[in-house]
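# Sequence first, predicted coordinates after that:
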Amino acid sequence: MAIPSTGEFEQNGEAINGGFEQNGEPINGVHKRQNGEPINGGDKRQNGETINGVDKEENGEGINGGNKVWGEEDFDPSAPPPFRVAEIRAAIPKHCWVKDPWRSLSYVIRDVLVVFGLMALVIYFDNWTVWPLYWVAQGTMFWALFVLGHDCGHGSFSDNPYLNNVVGHILHSSILVPYHGWRISHRTHHQNHGHLEKDESWVPLSENIYKSLDDRTKFLRFKVPFPLFAYPIYLWRRSPGKQGSHFNPYSNLFHPSERNYVITSTVCWTLMLVLLVYLLNVVGPLQMLKLYWIPYFIFVVWLDAVTYLHHHGYEQKLPWYRGKEWSYLRGGLTTVDRDYGIFNNIHHDIGTHVIHHLFPQIPHYRLVEATKAAKPVLGKYYREPKKSGPIPFHLINNLVRSIHEDHYVSDTGEVVFYQTDNQLYGSSRSKIE
């Protein structure tokens, strides 16, 4: 079975479909300007009001779920930015784009040694004081392995597509992630970030789809901790309102030319599952539960929590777009950086996410430097993450509050914000009980 190139984002050193630039200008005319003004009415105003009703207010409230009334001195995060992707790119030092395969492999070796070291230690001590510590540590390391496989999928691991795919398959298959299936859907997420109809990761439900859900589904989707275990279900069934599976080569997630790649990853995933069943028979169900499956579900919690917080839970509600109001730049600027304290280095600075979303070709070990260089260009469109202590307890509140409040967006409008179903929890509890 063929192993494809992971260069979807690059062609002759230039990003394609993800960078959206030709000759320094984003394609499709999204941000092109005529006489200093964006075309297509992107941010033109009439009498101080944005046309198409984007920023207009009714009865003191932002329309389409906007819960913020912006005065003259307030910053409107949905306003089209006064800079282009090319300007952000130019601010980032050239060496930040250079991929060092040996350095990337050193992180893989480090993480794999830690995984097996933790396993050896817990087997040696084998007492109930050590096991909970092992579960948290090993689940975190599974998450770190996922991030490195994620870098392979973007091609930021190295410039060698075969190295990227081999390492990516080993890392992702070991934690039951179908490498190519997820890589392709994640590429879709990056190319359409912030787009209500085309994005792929934690996309808001439209009001119509939300109201079509039964009460049990609503309760499980919007009540902590249930959403934090959603990832395996997403791999099989995607999200409400979307169809397809990451394991099915004929899913509408994939182009027909990508079917062999999906088959390759599904076979690797199946072989890993067979290995786990074999080990279950060798060491016993309880030992496998303690050694692998509990850390696996802690990894799932890490993945769901971090990816959710990349696009949700900021103190001020952030916009989502559809139609002509969406652009690659505006969508990318809705992402949020997070500080995870001691975990920043462990999970390879995945919390430094804004620049990663705009330029996924940059290696993870250059993201902090690239972000620092880009911040003068981004200005207020960059939201400085709240400084964390050693453990990012502060993010728990952001996560829980957003899951409990951010339920759906309006069916209409090209710039919308999350709205809250104030009746959700009372009605759901009563009907479930």
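Thanks, I have the structure now. Treat the numbers as computed from the prediction; the structure is a model and nothing was measured.

# Strands of the stretch 201-350 of the chain, start to end?
Applying DSSP state E, counting those that start in this stretch to the stretch 201-350 of the chain gives strands spanning 320-321.

# residues touching the residue lying closest to Leu358 once chain neighbours are set aside, list them.
Closest residue in space to Leu358, ignoring its immediate chain neighbours: Gly332 at 4.4 Å, by CB to CB, 6 or more residues apart in numbering. C-beta coordinates here come from the backbone N, C-alpha and C atoms, glycine included. Going by CB atoms under 8 Å, 6 or more residues apart in numbering, Gly332 touches 193-194, 354, 357-358.

# Also Thr217?
Thr217 touches Pro240, counting by CB under 8 Å, 6+ apart.

# mind checking how far the residue most central in space within the chain is from Phe142?
With distances taken as CA atoms, centre = their mean, Thr307 lies nearest the centre of the chain, 4.3 Å away. Using CB to CB, to the nearest Å, we find Thr307 at a distance of 15 Å from Phe142.

# Check the gap between the residue nearest to Leu358 and Ile350 for me.
Applying CB to CB to Gly332 and Ile350 gives a distance of 16 Å.

# Please apply the same query to Pro256.
On the measure of CB to CB, Pro256 and Ile350 end up 32 Å apart.

# Compare the two and say which is more crowded by neighbours.
Using other CB atoms under 10 Å as the criterion, Pro256 and Ile350 rank with Ile350 on top: 25 against 8.

# what about the residue nearest to the more buried one when sequence neighbours are not counted, which helix or strand?
Closest residue in space to Ile350, ignoring its immediate chain neighbours: Val147 at 5.1 Å, by CB to CB, 6+ apart. Assessed by DSSP states H and E, Val147 sits inside helix 130-154.

# re earlier: and of the contacts of Gly332, the nearest to Gly244?
Taking CB to CB as the measure, Gly244 lies nearest His193 of those, at 19.0 Å.

# quick one: contacts for the residue nearest to the centre of the chain?
Thr307 makes contact with 201-202, according to CB under 8 Å, 6+ apart.

# Do you know the pLDDT at the closest residue to Glu315 other than its chain neighbours?
Sequence neighbours aside, Asn398 is the residue nearest to Glu315 in space, at 7.9 Å (criterion: CB to CB, 6+ apart). Model confidence at Asn398, given as pLDDT, is 95.

# Am I right that Asn398 is in contact with Gly313?
Yes - Asn398 is in contact with Gly313 according to CB atoms under 8 Å; the separation is 3.8 Å.

# can you give me the strands for the stretch 1-150 of the chain?
21-22, 25-26, 33-34, 37-38, 45-46, 49-50, 57-58, 61-62.

# what separates Ser174 from Phe229, distance-wise?
Taken as CB to CB, the span from Ser174 to Phe229 is 20 Å.

# Have a look at these two and say which one is more surrounded.
Legend: neighbour count by other CB under 10 Å for Ser174 and Phe229, higher for Ser174 (19 against 13).

# any chance you could map the helices in the stretch 51-200 of the chain?
Ranges of helices in the stretch 51-200 of the chain, per DSSP state H, counting those that start in this stretch, are 85-91, 101-125, 130-154, 161-174, 179-191.

# Report the contact partners of the residue nearest to Glu315.
309, 313-315.

# Using ChimeraX, make a named selection holding only the buried ones among the residues you listed.
Only the buried entries of the contacts of Asn398 go into this ChimeraX selection, using 16 or more other CB atoms under 10 Å:
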select :309,313,314
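
# Reformat the contacts of Asn398 as JSON lines; add distance to Pro178.
Shown next, in JSON lines, are the contacts of Asn398 (distance: CB to CB, whole Å):
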{"residue": "Leu309", "distance to Pro178": "24"}
{"residue": "Gly313", "distance to Pro178": "28"}
{"residue": "Tyr314", "distance to Pro178": "31"}
{"residue": "Glu315", "distance to Pro178": "36"}
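
# In helices only, show me the contacts of Asn398.
With helices taken from DSSP state H, the overlap with those comprises Leu309.

# out of the contacts of Asn398, who's nearest Ser104?
Leu309 (25.0 Å).

# isn't the closest one right next to Asn397, touching?
No - with contact defined as CB under 8 Å, Leu309 and Asn397 do not form a contacting pair (11.1 Å).

# For stretch 238-253, list every residue counted as buried.
238-239, 244-249, 251, 253.

# Now render those residues as TSV, adding pLDDT and distance to Val166.
Below are these laid out as TSV (pLDDT from 0 to 100; distance: CB to CB, whole Å):
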residue	pLDDT	distance to Val166
Arg238	85	27
Ser239	80	30
Gly244	91	26
Ser245	95	24
His246	96	20
Phe247	96	20
Asn248	95	23
Pro249	96	20
Ser251	93	24
Leu253	92	23
